[in-house]
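S.K.: Provide a 3D model corresponding to the input given below.
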Amino acid sequence: MKLHIQNVKKTYDEKEVLKNSSAVFEQGKIYGLLGRNGSGKTTLFNCISHEIPCEGDVLIEEHGELRKVEDRDIGYAYSSPILPEFMTGFEYIRFYMDIHAKEIDPAKTIDSYFDLMRIVPKDRHRLIKGYSHGMKNKLQMLGFLISRPKVILLDEPLTSFDVVVANEMKHLLLEMKAEHILIFSTHILQLASDLCDEIVLLHNGILEQLDHALLQQNDFEDRIVSLLQEEVKHAG
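M.R.: Numbering: from 1, shown residues only. The predicted model follows:
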């Protein structure tokens, strides 16, 4: 399975944020989308997920055939999760399982899903309003384990987690990549180096898929910074 971004273009007030950007993302890999603040990373995610209209095509390839991406194909993990805070975690996941009944693994129970995310029983029955940022993100990711979207977009994940939760989320992403296309945006180079199979740079409105070998080089961070500094010179 592959996700094809073909000539995607987005303009705001005559400023081209995305300039006929193209890339291919494969199942079984974690992709790090790197770019400076304001480079268009969130805009790209919004285009992929149909949050905003754009020019170009976003396609899924399965069994050698291409089709347009549908809403059910995409799971979008927001940096600040949008959840119904008036519900308990258990109530929310039970509701989520009801509306995604067709996608659910029949062998899984609601408690087994909570166990996967290491959410203890007492926290399952607390109001989401009282959850920490890390707990809310766990609940958001739990939704993806249930609905199993083909593509998961993660906007700046792990940046505000404590060490324990961040480590749990890293392991979860590594386990999930076999069945999904995972793309996360970040400006933390060390995180990208530790977790990613591939790096995609977004600079000057263009997507550039970097050579995998770059990740293994000692000067990885220096090379990335150098490439992103070229964007500043270009803009100037």
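S.K.: please make it C-alpha for all contacts and neighbour counts, starting now.
M.R.: OK.
S.K.: if I look at the residue lying closest to residue 56 once chain neighbours are set aside, how far off is residue 111?
M.R.: If you skip the residues right next to it in sequence, residue 56 has residue 8 as its closest partner in space, 4.2 Å away by C-alpha to C-alpha, 6 or more residues apart in numbering. Here residue 8 is placed at a distance of 41 Å from residue 111 (C-alpha to C-alpha, to the nearest Å).
S.K.: next: residue 12.
M.R.: From residue 12 to residue 111 the distance is 45 Å (C-alpha to C-alpha).
S.K.: again with residue 161
M.R.: Residue 161 is 24 Å from residue 111, by C-alpha to C-alpha.
S.K.: which parts of this protein are helices?
M.R.: With DSSP state H as the criterion, the chain has helices at 41-48, 89-99, 110-116, 121-124, 133-147, 163-176, 189-195, 220-235.
S.K.: lowest-confidence stretch among those?
M.R.: Per-stretch mean pLDDT for those is lowest at helix 220-235 (a mean of 68).
S.K.: coming back round to it: with neighbour numbers in mind, choose between residue 12 and residue 111.
M.R.: Taking neighbours as other C-alpha atoms under 10 Å, residue 12 and residue 111 compare with residue 111 leading, 15 against 8.
S.K.: wait, what's in contact with the closest residue to residue 6 other than its chain neighbours?
M.R.: Leaving aside its sequence neighbours, residue 6 sits nearest to residue 22 (C-alpha to C-alpha, 6+ apart; 4.5 Å). By C-alpha atoms under 8 Å, 6 or more residues apart in numbering, the residues touching residue 22 are 4, 5, 6, 7, 8, 206, 207.
S.K.: swap in 6 Å and give it another go.
M.R.: By C-alpha atoms under 6 Å, 6 or more residues apart in numbering, the contact list for residue 22 reads 5, 6, 7.
S.K.: that one and residue 200, how far apart?
M.R.: Separation of residue 22 from residue 200 (C-alpha to C-alpha): 11 Å.
S.K.: swap in residue 84?
M.R.: To residue 200, residue 84 is 33 Å away according to C-alpha to C-alpha.
S.K.: so which of these two has more stuff around it?
M.R.: Shown here are residue 84 and residue 200; by other C-alpha under 10 Å, residue 200 has more neighbours (23 against 13).
S.K.: quickly list what the more buried one is bridged to.
M.R.: Beta bridges link residue 200 to residue 33, residue 209 when assigned by DSSP bridges.
S.K.: per-residue confidence at it?
M.R.: For residue 200, the pLDDT comes out at 94.
S.K.: alpha carbons of stretch 41-57, as CSV, please.
M.R.: C-alpha atoms of stretch 41-57 as CSV (Å, rounded to 0.1, in the frame of the first residue of the first chain):
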residue,chain,number,x,y,z
LYS,A,41,3.8,21.0,7.2
THR,A,42,0.3,21.4,8.8
THR,A,43,-1.1,22.8,5.5
LEU,A,44,0.1,19.6,3.8
PHE,A,45,-1.6,17.4,6.5
ASN,A,46,-4.7,19.4,6.1
CYS,A,47,-4.7,18.9,2.3
ILE,A,48,-4.1,15.1,2.7
SER,A,49,-7.0,14.8,5.3
HIS,A,50,-9.4,17.0,3.3
GLU,A,51,-9.5,19.6,6.1
ILE,A,52,-8.9,22.2,3.4
PRO,A,53,-9.2,22.2,-0.4
CYS,A,54,-6.2,22.2,-2.6
GLU,A,55,-5.1,21.6,-6.1
GLY,A,56,-3.5,18.3,-7.2
ASP,A,57,-4.2,14.7,-6.2
